[in-house]
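Chemist: okay, sequence plus prediction incoming.
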Amino acid sequence: MAEDNKNVVLLDFWPSSYGIRVKIALQEKGVSYECRQEDFDAKSSLLSEMNPVHKMIPVLIHNGKPICESLNIVEYIDEVWNHKKTSLLPSDPHKRSQARFWGNYIDKNVYSKGKKVWNGKVEEKEENQKQFIECLKILEEELGDKPYFGGDEFGYVDVALVPFTSWFYTYETLGNLSIEAFVPKLVRWTKRCMEKESVAKSLPHPHKIYGFALEYREKHGHD
Amino acid sequence: MEDKLSEVVLFGSWYSPYTSRVKLALKLKGIPFKYVEENLSNKSELLLKYNPIHKKVPVLLHNGMPICESLIILEYIDEVWNHAPKLLPEDPYQRSRVRFWANYTDQKIMPASYPLLLLKGEKKQKAIEDMEEMQRVLEEGIKQDFPEQFSFFNGKTIGLLDIFMGVNCYNYKAFHEVTNSEIIGPKNPKIFMWVNALKEHPLMKDTLPPHDKVVAMLKTMIAPTPDV
């Protein structure tokens, strides 16, 4: 199976939570890969060639063929390297559909609502915060008392959400709120995930993300 | 009791393309199901119970458990009733491409359709051009990823992308009539051929709403313009 790892390239942009999902999945499966950083202001010709429709990262290139969109990539990784012990998606079809549902929910809500907290219009601050916290509360409710979203084992939904937690410091500092005060179980889950090597190795330090956010705001202004 | 639990129930709306996708998938697989037509301006308690987050149709109920979101439901159907015809290919790379184009349809094409009904003048023209471009991208992409796909009507069975395409475009003539446009046409020849072949498929004819009903529905969605 070693030849599976020879041709694995990830096109990435280091602060992207979507890219981090892929890194965690690859780490979980013990797949070695080459990571290439994209410059958002000067996208490479490889990126344009591999993802001509959206020209966005992450793109996983496996044996020369591109797989796009982070949760698609995570499923692909789970299917191809399925001889490895860890299975990211549950085997039961209904549980799989639940996992995909929450992946989809996270995709539709966390990034956009989070961004409004650290880079939204000042006059909309209260509403933006409220919406973001509501979203996190819904996720916390889904987590319940389980150690991970998938149950006893770290899985697909955990992979989908945990990258955004490196943004918590940014949300709290620029948004002036305490996430732990609202969703303590979710914060405990975050710490639990950080004990996993795949997560600890893949998530950028929250201060680094904060630096990136400040630079972004300076460059692009408020949304 | 066992029969009741294993019963398949679909909560939907006749004009929701997302509901139609699930109907087609169930029928394609030969899965008997009970259909519940929802009044979307007065949603049932059951729907709200089974889809509390989004409160939307379609919802599939199987073994007493709900599954929401049409693409997720179709994947569920393909996994549980994993006999032929398969909705998704077996190969992981091909599966990822099917999901990619399904997402493209849902993230780009679907959200652009409704606004097109409401726009006028230059904005409408721009929206039509954008939609035509999206169809062109879809055509190029599917041609590249699935060179065999367009010949499904040569005796091959339909799959997930056929379902998506069929549902979206079956009533393209109704859409053209109401918006006074021609988005699906010979200028995207492969798509045009594909759509017209799907229109003749007995399952599509049996399941999708007829032209006149769709025209009437689309007309009610267009707000009357006040006299200037």
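Modeler: Good, I have the coordinates. Just so it is clear, the model here is predicted, and its values are computed rather than measured. Residues are numbered from 1 along each chain as shown, chains lettered A, B, ... in the order given.
Chemist: first to last residue in stretch A:174-182, what's the distance?
Modeler: 17 Å (CA to CA, to the nearest Å).
Chemist: buried residues, it. List them.
Modeler: Buried residues in stretch A:174-182, defined by neighbour count with 16 or more other CB atoms under 10 Å in any protein chain shown: A:174-175, A:177, A:179, A:182. Where C-beta positions appear, they are placed from N, C-alpha and C, glycine not excepted.
Chemist: ok, now stretch B:164-179?
Modeler: Those would be B:164-172, B:174-175, B:178-179, for stretch B:164-179 by 16+ other CB under 10 Å.
Chemist: over to stretch A:116-126?
Modeler: A:116-120.
Chemist: closest to chain B out of those?
Modeler: A:Lys116 (19.4 Å; CB to the nearest CB).
Chemist: which pLDDT value goes with the closest one?
Modeler: Note on A:Lys116: pLDDT of 93.
Chemist: wait, it touches A:Gln131, no?
Modeler: Yes: here A:Lys116 reaches A:Gln131: they are 7.3 Å apart, a contact under CB atoms under 8 Å.
Chemist: what sits against A:Asn63?
Modeler: A:Asn7 (CB atoms under 8 Å, 6 or more residues apart in numbering or on different chains).
Chemist: related to what we said a few turns ago, now the two most distant members of the buried residues of stretch A:174-182.
Modeler: A:Leu174 and A:Phe182 (16.5 Å; CB to CB).
Chemist: now render the buried residues of stretch A:174-182 as JSON lines, adding secondary structure, pLDDT and distance to chain B.
Modeler: Converted to JSON lines, those look like this (DSSP: H, G, I helix; E, B strand; the rest coil; pLDDT from 0 to 100; distance: CB to the nearest CB, whole Å):
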{"residue": "A:Leu174", "secondary structure": "helix", "pLDDT": "91", "distance to chain B": "28"}
{"residue": "A:Gly175", "secondary structure": "helix", "pLDDT": "88", "distance to chain B": "24"}
{"residue": "A:Leu177", "secondary structure": "coil", "pLDDT": "91", "distance to chain B": "23"}
{"residue": "A:Ile179", "secondary structure": "helix", "pLDDT": "95", "distance to chain B": "21"}
{"residue": "A:Phe182", "secondary structure": "helix", "pLDDT": "96", "distance to chain B": "18"}
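Chemist: right, is stretch B:117-136 up against chain A?
Modeler: No: using CB under 8 Å from any CB of the partner chain, stretch B:117-136 never reaches chain A; the gap is at least 9.8 Å.
Chemist: and that stretch, which residues are buried?
Modeler: B:117, B:124, B:127-128, B:131-132, B:134-135.
Chemist: low-confidence ranges in chain A?
Modeler: In the prediction, chain A carries residues with pLDDT under 70 at positions A:1-6, A:84, A:223.
Chemist: and it, which of its residues are near chain B?
Modeler: A:53, A:62, A:65, A:67-69, A:72-73, A:75-76, A:79-80, A:93-94, A:96-97, A:100-101, A:104-105, A:138.
Chemist: name the SS class of A:Pro52, please.
Modeler: coil (DSSP: H, G, I helix; E, B strand; the rest coil).
Chemist: for chain A, longest helix please?
Modeler: helix A:93-119 (DSSP state H).
Chemist: equivalent analysis for chain B, please.
Modeler: helix B:121-145.
Chemist: off-centre distance for that helix?
Modeler: 17 Å (CA atoms, centre = their mean, to the nearest Å).
Chemist: for it, name the packing helices and strands.
Modeler: helix B:92-104, helix B:110-118, helix B:189-200 (3 or more CB pairs under 8 Å, 6 or more residues apart in numbering or on different chains; DSSP states H and E).
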